[in-house]
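Visitor: test case, fold it:
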Amino acid sequence: MKNSLAVIETPRYNQNDRPIHVHTCVPLPGDDFLRHEWECDSAYCQSVRRKCPGHGGKLPRSLDD
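Guide: Take a look at the predicted model:
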């Protein structure tokens with residue numbers, strides 16, 4: 001079997017010019033996606049292990065919210 005490398009683009013949810021941090025989107029049993037990382041620049045995140053908005057997670061809060 002030949003080794004292969006899959007390149008996956010990291011989703012970004014950046015709303016400002018603030019520093020970013022990286023979340024991990026972890027599927028629950030029955031979800032049809034793989035664990036992946038996504039970037040965020042919200043100053044209000046409580047956990048870095050949460051679903052991305054593309055997979056049913058809430059949009060990150062901005063400073064204007």
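Visitor: residue 13 reaches residue 58, doesn't it?
Guide: No - using CB atoms under 8 Å, residue 13 is not in contact with residue 58, being 10.3 Å away. (Each C-beta comes from the backbone N, C-alpha and C, glycine too.)
Visitor: those two - which one has more neighbours?
Guide: Counted by other CB atoms under 10 Å, residue 13 and residue 58 do not tie: residue 13 has more neighbours, with 18 against 9.
Visitor: which strand residues bridge that one?
Guide: residue 40 (DSSP bridges).
Visitor: contacts only, for it.
Guide: Counting by CB atoms under 8 Å, 6 or more residues apart in numbering, residue 13 makes contact with 38-42, 52-53, 59-60.
Visitor: buried ones among those residues?
Guide: Neighbour-count burial within the contacts of residue 13 applies to 38, 40-42, 52, 60; the criterion is 16 or more other CB atoms under 10 Å.
Visitor: closest to residue 29 out of those residues?
Guide: Of all the buried ones among the contacts of residue 13, residue 29 sits closest to residue 52, with 17.8 Å by CB to CB.
Visitor: my guess is the closest one contacts residue 23. True?
Guide: Yes - the pair residue 52 / residue 23 is scored as a contact, 6.8 Å apart, by CB under 8 Å.
Visitor: shared neighbours, those two?
Guide: Common neighbours of residue 52 and residue 23 (CB under 8 Å, 6+ apart) are residue 38.
Visitor: so what's the residue sitting nearest the centre point of the chain up against?
Guide: For the chain, the residue nearest the mean C-alpha position is residue 38 (2.8 Å; CA atoms, centre = their mean). Neighbouring residues of residue 38 by CB under 8 Å, 6+ apart: 10-13, 22-23, 25, 52, 54.
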